[in-house]
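**Student:** Provided below are the primary sequence and the corresponding predicted coordinates.
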Amino acid sequence: MKKASRNKKTAEGKRAKPCKKPVEEKRAVGNKETILAKRATCDKKPSKAKRAVEPKKSDSTERAKLRAIVRGAYDIQKLRMQSGIRIVANWKARMGKQPNEKDSQMDSEAKQLLAAMRIAYKRLTDGLARWPRPTEFEGTELISDYTELTLVDQYVRLVEAEERQFKMLKHSIESHPLWGAFLEGVKGIDRAMAGVILSEIDIAKARHPSSLWKYAGLDVAPNGAGRSRKAEHLVDVEYKDRNGKQATRKGITFNPFLKTKLVGVLGSCFLRCNSPYREAYDNYRHRLEHSPAHQEKSKGHRHNMAIRYMVKMFLVDLHRVWRELEGLPAGVPYQEAKLGHVHAA
């Protein structure tokens with residue numbers, strides 16, 4: 001009897017096993033969810049918002065790299081100019097000449113002297129197996145002693161480093177779409193100036209041409225004067241102090257490096273090479289000279305105002321072409337959009 005009951009229980013247990021369908025359903029559901037999840041992960045594509053943000057990050061990274069190269073080249077250029085000024089001052093002191101205000105600038109006389117010293121330096125150092133010792137050096141009329149030779153050597157090496165640094169910009173500049181589309185055809189703009197423009201300006205943030213004017217310090221301050229570093233032109237700027245707390249201080253509203261290059265370098269280049277933008281300068285200066293409101297201004301003041309206006313007209317064209325190239329809407333200048341004034345270039 002006991003064996004029969006055991007067999008009966010075993011048979012019932014065997015019959016009960018195939019009836020565990022809920023477990024199989026859970027496994028099936030679990031497998032289905034896993035497969036769907038894998039498919040969703042594999043087929044997942046970035047959203048439109050992410051696609052729009054990613055190029056901007058890439059552009060900002062490339063712009064930061066280009067800025068490092070451009071700023072580095074101009075840092076070397078600044079050192080080269082300072083070194084040249086020291087050489088000229090040392091030579092003038094040796095010749096018994098009194099220093100003047102122009103000694104802090106690189107004028108035509110200083111440039112001619114430095115060019116002659118470079119030729120004399122090359123003659124002295126060409127063919128030397130090693131650098132001469134102070135006791136072995138025999139001076140010339142231009143490079144009289146060992147100290148002057150050392151100064152000229154420093155200057156020559158800085159000139160070579162500057163030229164090499166600017167040559168490195170060639171590929172980065174020419175590969176940028178704006179170079180072939182606009183900058184290459186603007187008379188007065190070389191690769192160095194193009195590097196400044198491409199590395200310092202984020203065209204996506206400049207919705208209007210006036211945005212570029214403000215960033216470059218070419219806008220008008222509240223008192224009606226041109227933007228500058230004067231106390232009345234400063235604004236409150238928030239920053240974090242050394243303790244990480246939010247604080248406020250007075251600061252400028254523009255990029256000083258960009259303003260210096262656009263107004264001090266590009267403006268002069270436009271005038272010297274007789275660029276088509278020279279017409280904007282001539283027309284605006286003529287208007288200032290014949291306007292009663294500007295008669296009290298000096299000739300130099302009106303000249304600087306005309307240069308700023310000429311550069312602003314260049315930035316209007318730059319903004320339009322660059323924004324269209326990036327697929328962004330391009331606005332019109334303030335005087336056209338708000339005042340209805342269309343000025344000829």
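**Tutor:** That came in fine, so what should we check first?

**Student:** thought residue 221 was touching residue 233?
**Tutor:** Yes. Counting by Cβ atoms under 8 Å, residue 233 is a contact partner of residue 221 at 4.6 Å. The way it works is simple: take the backbone N, C-alpha and C, and place the C-beta from them, glycine included.

**Student:** what residues are up against residue 300?
**Tutor:** By Cβ atoms under 8 Å, 6 or more residues apart in numbering, residue 300 lies in contact with nothing.

**Student:** Next one: it relative to residue 285, how far apart?
**Tutor:** Separation of residue 300 from residue 285 (Cβ to Cβ, to the nearest Å) stands at 11 Å.

**Student:** got it, and residue 312?
**Tutor:** Applying Cβ to Cβ, the value for residue 312 to residue 285 is 14 Å.

**Student:** low pLDDT regions in the stretch 51-200 of the chain?
**Tutor:** For the stretch 51-200 of the chain, residues meeting the criterion pLDDT under 70 lie at 51-58, 99-105.

**Student:** ranges for the helices of it?
**Tutor:** 108-125, 146-167, 169-174, 177-181, 191-200 (DSSP state H, counting those that start in this stretch).

**Student:** Please spell out which residues along the longest one are buried.
**Tutor:** Along helix 146-167, the positions that meet the burial threshold by neighbour count (16 or more other Cβ atoms under 10 Å) are 146, 148-149, 151-152, 154-156, 158-159, 161-162, 165-166.

**Student:** try the first one
**Tutor:** Counting neighbours by 16+ other Cβ under 10 Å, one finds that the buried residues in helix 108-125 are 110, 113, 114, 117, 120, 121, 124.

**Student:** what does it rub up against?
**Tutor:** With Cβ under 8 Å, 6+ apart, helix 108-125 has contacts from 84-85, 87-88, 91, 140, 142-143, 149, 152-153, 155-156, 159.

**Student:** what about the strands in the stretch 201-345 of the chain?
**Tutor:** Using DSSP state E, counting those that start in this stretch, the strands of the stretch 201-345 of the chain run over 235-240, 246-251.

**Student:** Dump these to JSON lines, plus mean neighbour count, mean pLDDT and distance to residue 306.
**Tutor:** Output for the strands of the stretch 201-345 of the chain, formatted as JSON lines (neighbours: other Cβ atoms under 10 Å; pLDDT from 0 to 100; distance: least, Cβ to Cβ, whole Å):
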{"stretch": "strand 235-240", "mean neighbour count": "10", "mean pLDDT": "86", "distance to residue 306": "27"}
{"stretch": "strand 246-251", "mean neighbour count": "10", "mean pLDDT": "89", "distance to residue 306": "28"}
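
**Student:** quick one: which of these is nearest residue 211?
**Tutor:** Closest to residue 211 of these, according to Cβ to Cβ: strand 235-240, at 16.0 Å.

**Student:** Specify the angle between the closest one and strand 246-251 in degrees.
**Tutor:** Strand 235-240 runs at 140 degrees relative to strand 246-251, counting by axes from the mean of the first three to the mean of the last three Cα atoms, to 10 degrees.

**Student:** what does strand 235-240 contact?
**Tutor:** So strand 235-240 is contacted by 246, 247, 248, 249, 250, 251, 252, 253 (Cβ under 8 Å, 6+ apart).

**Student:** Contact partners for the third one?
**Tutor:** Looking back up the chat, that one is residue 248. 236, 237, 238, 239.

**Student:** List phi and psi for residue 140.
**Tutor:** Backbone torsions of residue 140, given as degrees, to the nearest 10, read phi -120, psi -170.

**Student:** how much space between the closest residue to it other than its chain neighbours and residue 129?
**Tutor:** Once flanking residues are discounted, residue 140 sits nearest to residue 120: 5.8 Å by Cβ to Cβ, 6 or more residues apart in numbering. Applying Cβ to Cβ, the value for residue 120 to residue 129 is 20 Å.

**Student:** again, but for residue 188
**Tutor:** With Cβ to Cβ as the criterion, residue 188 and residue 129 are 46 Å apart.

**Student:** between the two, which one's more packed in?
**Tutor:** Neighbour totals were compared for residue 188 and residue 129, and residue 188 leads with 20 against 4 (other Cβ atoms under 10 Å).

**Student:** That one against residue 281, yeah?
**Tutor:** No. With contact defined as Cβ under 8 Å, residue 188 does not count as touching residue 281 (11.6 Å).

**Student:** Quick check: neighbours shared by those two?
**Tutor:** Counting by Cβ under 8 Å, 6+ apart, the common neighbours of residue 188 and residue 281 are residue 270.

**Student:** Thanks a lot, see you next time.
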